[in-house]
Each structure stands twice: as structure tokens, then as C-alpha cells.
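Q: Show me how the following folds:
(chains A and B)
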Amino acid sequence: DTGVSQDPRHKITKRGQNVTFRCDPISEHNRLYWYRQTLGQGPEFLTYFQNEAQLEKSRLLSDRFSAERPKGSFSTLEIQRTEQGDSAMYLCAPGPEAPGANVLTFGAGSRLTVL
Amino acid sequence: KNEVEQSPQNLTAQEGEFITINCSYSVGISALHWLQQHPGGGIVSLFMLSSGKKKHGRLIATINIQEKHSSLHITASHPRDSAVYICAVRQGGSEKLVFGKGTKLTVNP
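A: Okay, here's the model as predicted:
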């Protein structure tokens, strides 16, 4: 149990379709991060939230990507007009509560395949 | 050049061998993390280091801030240690983690 639920675990879609991923931390966390991991690579930072506020966005997050955390608990990541290059694992990571915190927690991820 | 470089990219060992995975970084950091990722599985946090050395069971992690280098050691390796090991650094003054590409370890019985 990672303490984080991500849904769906795997999404296969056709190019041009919109997809939405959801992240539900089991316990309360002020911070929540989204990362993307492509095959054979380490994760890459996409964006992070402090409560409801989206405080930092990577240049990887094009205008086709939008993330929300409306109530400061769960978060969604939407990709519009998907492209084959969007195929990746999308990882959600709640916390850590402070930059010096010892443990990082990641969800199992949502794998996107764009045909 | 990536800000975080890991070596080797792939490592195959026999059960019982001593394993070393290296991580070098080029930016100022506030912390360095070692993570483990099993095939199809999530990422598990192993260590967070800002200085010195930490040990947990058969795993040992060290960091040299001056040389911008960290190592992860596994003593008496076992097939269940087979996984991808990822080094990640938190840049000073940033919330962002920068990850290495990972080292794929295979331990054969």
C-alpha cells in the first residue's frame, strides 16, 4: 500500500483524444507533486501544489496539460489532444511536508499509451 | 549533460556479491534521495541524505557534498534486490526533484 491511489492504472487512447488522471492520497498532505516517466528514463517533474494552489510548473507542461487540486486533497491531471509523445507513466507523489523530509511517497502511477 | 548522472546504467551480479551504484550531480542540492523501482511497481523511498552515511539493513548510502557524488551499496546481494535504483536530488531553494535515469540491477541466483 503506497498510501496513494491513482486511477486509471492504464489508459489506452487514440491520438487526439483527451484523458484525465486522478490522484487520491489516503491521508492529508499539504503538498502534491506530479511526475512523468518514460521508458528507460527517470521521472521528470511536471508540477506541484501547495493545498489548492499550483505553485510550480515545468516547461514540459505544455498548454495541452492542465492540473487541478480543487479541495486541496485529490488532484487531476488532464491531457488534451493527446500525442504519441505523451505516452508515459504519470506518477503522483503527495508530500513531503517539508523539503527536508526523509521519505518520498509515490503512487503506483497511471500508464498512458497513445496509439 | 544531465544534471544527475548514474552509473552503471545496467548491472548484473551473482547472489552474494557486493553492489555499488554511483550518482553524480552538477547542481547545488539540499538533499539527495535513493529510490527503488520494481518492474510494473511503484517507487519506494530508500534513503534521504544531506551529508555523511546512512545504513538500513544490507543497504548503505553515502554522500560527498564537496565532490557532488553519492553511492548506494548493497551487501550480500539477493535476487529480490533486482530492481531499478534511482538517484534524485532536490535543488537548493526549489521544490523540484531532478532524477537520474536509474540503474537496472539484476541479481542472479
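
Q: For the rest of this, base every contact and every neighbour count on C-alpha atoms.
A: Fine.

Q: so which helix or strand takes in B:Val107?
A: Secondary structure assignment for B:Val107, by DSSP states H and E: strand B:103-108.

Q: So which elements touch that strand?
A: strand B:10-14, strand B:83-91 (3 or more CA pairs under 8 Å, 6 or more residues apart in numbering or on different chains; DSSP states H and E).

Q: Sketch out the low-pLDDT regions of chain B for me.
A: For chain B, the stretches flagged by pLDDT under 70 are B:1, B:41.

Q: how about the residues of it that lie near chain A?
A: Contact residues (CA under 8 Å from any CA of the partner chain) of chain B with chain A: B:30-31, B:41-48, B:86, B:90, B:95-102.

Q: how close does the closest residue to B:Ala76 other than its chain neighbours get to B:Ile60?
A: Nearest non-adjacent residue to B:Ala76, counting by CA to CA, 6 or more residues apart in numbering or on different chains: B:Gly16, 4.1 Å away. Distance from B:Gly16 to B:Ile60, counting by CA to CA, to the nearest Å: 15 Å.

Q: residue boundaries of the helices in chain A?
A: Using DSSP state H, no helices are found in chain A.

Q: Pick out the residue closest to the middle of it.
A: A:Trp34 (3.4 Å; CA atoms, centre = their mean).

Q: Look up which residues are beta-bridged to that residue.
A: Beta-bridge partners recorded for A:Trp34 (DSSP bridges): A:Thr47, A:Cys92.

Q: ok, now which ones touch it?
A: Residues near A:Trp34 by CA atoms under 8 Å, 6 or more residues apart in numbering or on different chains: A:45-48, A:90-93.

Q: Can you tell me which of those residues has the most neighbours?
A: Highest neighbour count within these, by other CA atoms under 10 Å in any protein chain shown: A:Cys92, with 31 neighbours.

Q: Which residue ranges of chain B form strands?
A: B:4-7, B:10-14, B:19-25, B:29-37, B:43-49, B:52-56, B:59-64, B:69-74, B:83-91, B:97-99, B:103-108 (DSSP state E).

Q: do you know how far B:His33 is from A:Phe106?
A: 13 Å.

Q: again, but for B:Ala31
A: 17 Å.

Q: Can you pick out the residue with more neighbours from those two?
A: A:Phe106 (24 against 21).
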